[in-house]
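In: I would like the atomic coordinates for the input below:
(chains A and B)
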Protein chains: 2
Amino acid sequence: MSYNQSMTEEFMQLALKQAQTAFDEGEVPIGAVLVKDNQVIAADHNRKEQSGIATAHAEKLVIEGANCSLGDWRLNDCSLFVTIEPCVMCCGAIIQSRIPRLFYGAADPKFGGVSSLYHLLEDSRSNHFVEVYPDVLAKQSANLMQDFFRKLRKNQ
Amino acid sequence: MSYNQSMTEEFMQLALKQAQTAFDEGEVPIGAVLVKDNQVIAADHNRKEQSGIATAHAEKLVIEGANCSLGDWRLNDCSLFVTIEPCVMCCGAIIQSRIPRLFYGAADPKFGGVSSLYHLLEDSRSNHFVEVYPDVLAKQSANLMQDFFRKLRKNQ
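Out: Residues are numbered from 1 along each chain as shown, chains lettered A, B, ... in the order given. Next up, the predicted model:
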């Protein structure tokens, strides 16, 4: 499955919409969608604070949602779109579910496991290779994060 | 919270019991327990195949179980006991939930994120430090894994 720029941005816009919902709910604004055959099969956003579950990141939630709807832990033909570079845990979840393509928005210098802290998806020792497309609508993702933390500091 | 050898082995025996249940269910035999104030607050085993969820590893399940029962994503006072060295995803879940102590059995040379492939829990750039105690009843954990894969190869 290949995507042209217009399709890629269309799916990332849906992930950004999820990130905006997270923002409105007082969660760190990160959103994700999982796509198979040009169809969105799962869309979600960070729910860590409201759920009280440490692992309730957007990426992990769409992976589990897709596993449930497809009835398979293998997401071989899927593409993951997420607004911010995935953390170590979510990189691991991408590997575990065998997702072959990742599109993300802005880098996460503090926690990112794809290109910032580590390069977990490009390890020649791994049994799974992931094509990575960074910087998709990165400015919008980064702006949403900056607005969120600015608001948080102001309220504290 | 500190543990003497007898207590450590007692909790690891409970994790091994969970691993045996996984074995009996045809799952890769890995078990985990989460302990707070000397009480087991969550115990579970790998459920990847039966659930069809890629992320259904023993460690991740006990972390989420403990989050639910405590009503908090922070597991600051807990210790995680797991029969096999955690993978990248589960190391990330340990960091996300701020678990301060990890006891594990056998190393996992192919997927381990603690001491085999990476040293994810000892990164000076991380905002969370984890005390790691490897090799707790390692022989029993390793034997169970070897028996499982031997049986799998025989049946194929």
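In: name the residues of chain A found near chain B, please.
Out: A:48-49, A:51-57, A:60, A:63-64, A:67-68, A:71-75, A:87-93, A:95-98, A:110, A:113, A:117-118, A:120, A:123, A:125, A:127 (Cβ under 8 Å from any Cβ of the partner chain). For every residue, glycine as well, the C-beta is placed using N, CA and C.
In: any idea of the mean pLDDT in stretch A:104-122?
Out: What stretch A:104-122 shows for mean pLDDT is 97.
In: now do the end-to-end distance for it.
Out: 15 Å (Cα to Cα, to the nearest Å).
In: ditto for stretch A:41-50
Out: Stretch A:41-50 end-to-end distance (Cα to Cα) = 23 Å.
In: one more: stretch A:116-125?
Out: Length of stretch A:116-125, first residue to last, Cα to Cα: 19 Å.
In: secondary structure class of the most centrally placed residue in chain A, three-state.
Out: Residue closest to the mean C-alpha point of chain A, counted by Cα atoms, centre = their mean, is A:Val82 at 2.8 Å. Of the three states, A:Val82 takes strand under DSSP: H, G, I helix; E, B strand; the rest coil.
In: contact partners of the helix or strand in which A:Glu64 is found?
Out: For A:Glu64, the enclosing helix or strand under DSSP states H and E is helix A:58-70. If you take Cβ atoms under 8 Å, 6 or more residues apart in numbering or on different chains as the criterion, helix A:58-70 is touched by A:15, A:18-19, A:22, A:30-34, A:36, A:41-47, A:73, A:75, A:78, A:80, A:82-83, A:86, A:89-90, A:93-94, A:97, A:99, B:52-55.
In: kindly report the same for stretch A:123-143.
Out: By Cβ under 8 Å, 6+ apart, stretch A:123-143 touches A:8-9, A:12-13, A:16, A:19, A:81, A:83-85, A:94-95, A:98-107, A:114-115, A:121-122, B:110, B:117.
In: now do the helices in chain A.
Out: Taking DSSP state H as the test, the helices found in chain A are A:5-24, A:48-51, A:58-70, A:88-96, A:138-155.
In: now the third one against helix A:5-24, angle please.
Out: In terms of direction (axes from the mean of the first three to the mean of the last three Cα atoms, to 10 degrees), helix A:58-70 departs from helix A:5-24 by 110 degrees.
In: same thing with the last one?
Out: Counting by the same axes, to 10 degrees, helix A:138-155 points 10 degrees away from the direction of helix A:5-24.
In: flag every buried residue along helix A:138-155.
Out: Going by neighbour count (16 or more other Cβ atoms under 10 Å in any protein chain shown), the buried part of helix A:138-155 is A:Ala138, A:Gln140, A:Ser141, A:Ala142, A:Leu144, A:Met145, A:Phe148.
In: name only those of the contacts of stretch A:123-143 that count as buried.
Out: A:8-9, A:12, A:16, A:19, A:81, A:83-85, A:94-95, A:98-107, A:114-115, A:121, B:117.
In: what's the nearest residue to A:Val28 if we skip its chain neighbours?
Out: Excluding the flanking residues, the one nearest A:Val28 by Cβ to Cβ, 6 or more residues apart in numbering or on different chains is A:Asn46, at 5.4 Å.
In: now for the buried residues of helix A:138-155: which two are most distant?
Out: A:Ala138 and A:Phe148 (15.7 Å; Cβ to Cβ).
In: now, of the residues of chain A next to chain B, which are buried?
Out: A:48, A:51-57, A:60, A:63-64, A:67, A:73, A:75, A:87-93, A:95-98, A:113, A:117-118, A:120, A:123.
In: so which of the helices of chain A is nearest B:Lys154?
Out: It is, among those and with distance given as Cβ to Cβ, helix A:88-96, at 26.0 Å.
In: and the contacts of the closest one?
Out: Contacts of helix A:88-96 (Cβ under 8 Å, 6+ apart): A:55, A:57, A:59-60, A:63, A:73, A:80, A:82, A:86, A:102, A:111, A:113-114, A:117-118, A:120-121, A:126, A:128, A:130, B:54-55, B:57, B:87-93, B:95-96, B:113, B:120.
In: please compute how far that helix lies from its chain's middle.
Out: 11 Å (Cα atoms, centre = their mean, to the nearest Å).
In: ok and that helix relative to helix B:58-70, angle-wise?
Out: 130 degrees.
In: alpha carbons of stretch A:146-153, as PDB, please.
Out: Taking C-alpha atoms only, stretch A:146-153 is exported to PDB below (Å, rounded to 0.1, in the frame of the first residue of the first chain):
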ATOM      1  CA  GLN A 146       3.100  23.900  22.900                       C
ATOM      2  CA  ASP A 147      -0.400  25.400  23.500                       C
ATOM      3  CA  PHE A 148      -1.200  22.600  25.900                       C
ATOM      4  CA  PHE A 149       1.900  23.000  28.000                       C
ATOM      5  CA  ARG A 150       1.700  26.800  27.900                       C
ATOM      6  CA  LYS A 151      -1.900  26.500  29.200                       C
ATOM      7  CA  LEU A 152      -0.900  24.000  31.900                       C
ATOM      8  CA  ARG A 153       2.000  26.200  33.200                       C
END
